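Asks: test case, fold it:
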Amino acid sequence: MGEQMTELTYESTSRRAKAAGTELHYHEAGPAGRPDAPVVIMLHGGGPGASGWSNFGGNLPFFARTFRTLLVDQPCFGRSAKPEPDRDYFSYSAGTIAALMDELGIERAHFVGNSLGGGTSVRMALDHPGKVGKLLLMGPGGISLNLFAPDPTEGIKRLFAFQTSPGPTKDQLRDFLGVMAYDQSLVTDEFVEERWASATDPENRLGAARLAAAFARPEWREDWMLWREAHRITHPVLLTWGREDRTNPLDGALVALKTIADCRLHVFPHCGHWAQAEQADEFNRLAAGFFSQ
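Replies: Numbering: from 1, shown residues only. Sure, this is the predicted structure:
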């Protein structure tokens, strides 16, 4: 493995670029002296206050030893712009990520996509296949189809309760975060305060509203039902799922597992929707092995 010498803080890894007319914020780090290192792009989920750093900041030091690693704030999140998507969100976000790759001179990358970011990663593979190496999808949105669990799931109900409230409360946010994690010790007061500050920022509230509006457009509904197109994915795919995921339950993996030609499934026990945090060591080893094969 290469060596990463610089301390990886939020500010030291923070970058900005314009992609397809959209201002994107991202974090970048990689092995020193390895400009040819393979690239991994990590795309976060869609919960209140979510960003590239909030989802994957804890994993960055491990990945940056081997991979040029980018944690991207997707459009409508974090420090990225909060535009009104002109098509379904997965396609819109994938278009901006593809443009960011062009802007940064990245021809091809592996993708890690959590929840909403999983849907964007799948759309990358479908719409920009030449830019994608392998996909590691964590409880992904869009491509998961709940065969047995009722819809909306518990996590989605808590998400809607927070996002649609004219005056969301900290207790609502804590309830949502508590559903995301199997290990409740992760939902500390400090963590809740951090996410609360981000989730209630006026710009981020605007982004959340525009995201929700894009998913509500009936003419775009079929475009984000990615399970209908799973059979077209030709890239190697590793589905990862928390056994106790109450947002995108485990049965949602089955259609994708059956229809994607080169697909495997890894299930983390004692784990909810955030395998990268709850099972960090196993997740990191699994991802590095998959991308290095």
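
Asks: what strands line up against whatever helix or strand Leu24 lives in, and which way round?
Replies: Element membership of Leu24 [criterion: DSSP states H and E] is strand 22-29. Taking DSSP bridges as the criterion, strand 22-29 forms sheet pairs with strand 14-19 (antiparallel), strand 68-72 (antiparallel).

Asks: need the contact partners of the longest one.
Replies: It refers to strand 14-19. 23-28, 79, 96-97, 99-100, 102-104 (C-beta atoms under 8 Å, 6 or more residues apart in numbering). Every C-beta, even on glycine, is put in place using the N, C-alpha and C of the backbone.

Asks: which of those residues ranks first by neighbour count?
Replies: Ile97 (30 neighbours; other C-beta atoms under 10 Å).

Asks: now do the helix or strand harbouring it and strand 14-19, the angle between them.
Replies: Secondary structure assigned from DSSP H and E places Ile97 in helix 89-104. Interaxial angle of helix 89-104 relative to strand 14-19 (axes from the mean of the first three to the mean of the last three C-alpha atoms, to 10 degrees): 100 degrees.

Asks: for helix 89-104, packing partners?
Replies: strand 14-19, strand 22-29, strand 39-43, helix 116-127, helix 202-216, helix 221-224 (3 or more C-beta pairs under 8 Å, 6 or more residues apart in numbering; DSSP states H and E).

Asks: got the confidence number for Pro35?
Replies: pLDDT for Pro35: 89.

Asks: buried sites along stretch 209-219?
Replies: Arg210, Leu211, Ala212, Ala214, Phe215 (16 or more other C-beta atoms under 10 Å).

Asks: now do the contacts for the fourth one.
Replies: If you count contacts by C-beta under 8 Å, 6+ apart, Ala214 has them with Glu84, Pro85, Asp88, Tyr89, Tyr92, Trp220.

Asks: of those, just the buried ones, ChimeraX syntax please.
Replies: In ChimeraX, a selection of the buried entries from those looks like this (16+ other C-beta under 10 Å):
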select :85,88,89,92,220
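
Asks: could you dump the contacts of Ala214 to TSV with pLDDT?
Replies: As requested, the contacts of Ala214 are exported to TSV (pLDDT from 0 to 100):
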residue	pLDDT
Glu84	97
Pro85	98
Asp88	98
Tyr89	98
Tyr92	98
Trp220	98
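
Asks: distance to Leu43 for the contacts of Ala214 - can I get that in JSON lines?
Replies: Formatted as JSON lines, the contacts of Ala214 follow (distance: C-beta to C-beta, whole Å):
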{"residue": "Glu84", "distance to Leu43": "20"}
{"residue": "Pro85", "distance to Leu43": "15"}
{"residue": "Asp88", "distance to Leu43": "16"}
{"residue": "Tyr89", "distance to Leu43": "12"}
{"residue": "Tyr92", "distance to Leu43": "13"}
{"residue": "Trp220", "distance to Leu43": "19"}
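
Asks: just name the closest of the contacts of Ala214 to Leu177, please.
Replies: Nearest to Leu177, judged by C-beta to C-beta, of those is Tyr89 at 22.1 Å.

Asks: distance of that closest one from Asn55?
Replies: Going from Tyr89 to Asn55 by C-beta to C-beta, to the nearest Å gives 17 Å.

Asks: again, but for Gly252
Replies: Taking C-beta to C-beta, one finds Gly252 at 19 Å from Asn55.

Asks: what residue of this protein is the furthest out?
Replies: Gly33 (28.1 Å; C-alpha atoms, centre = their mean).

Asks: may I have the phi/psi pair for that residue?
Replies: phi 70, psi 20 (degrees, to the nearest 10).

Asks: confirm His235 sits in a strand?
Replies: No: assessed with DSSP: H, G, I helix; E, B strand; the rest coil, His235 is coil; it does not lie in a strand.

Asks: need the contact list for it.
Replies: His235 neighbours (C-beta under 8 Å, 6+ apart): Ala125, Pro129, Val132, Gly133, Lys134, Leu135, Asp262.

Asks: can I get the residues you listed in TSV with neighbour count, secondary structure and distance to Glu229?
Replies: TSV is the format used below for those (neighbours: other C-beta atoms under 10 Å; DSSP: H, G, I helix; E, B strand; the rest coil; distance: C-beta to C-beta, whole Å):
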residue	neighbour count	secondary structure	distance to Glu229
Ala125	26	helix	10
Pro129	12	helix	12
Val132	25	strand	14
Gly133	15	strand	19
Lys134	21	strand	18
Leu135	26	strand	14
Asp262	12	coil	15
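
Asks: wait, a strand at Glu219?
Replies: No: according to three-state DSSP, Glu219 belongs to no strand; its state is helix.
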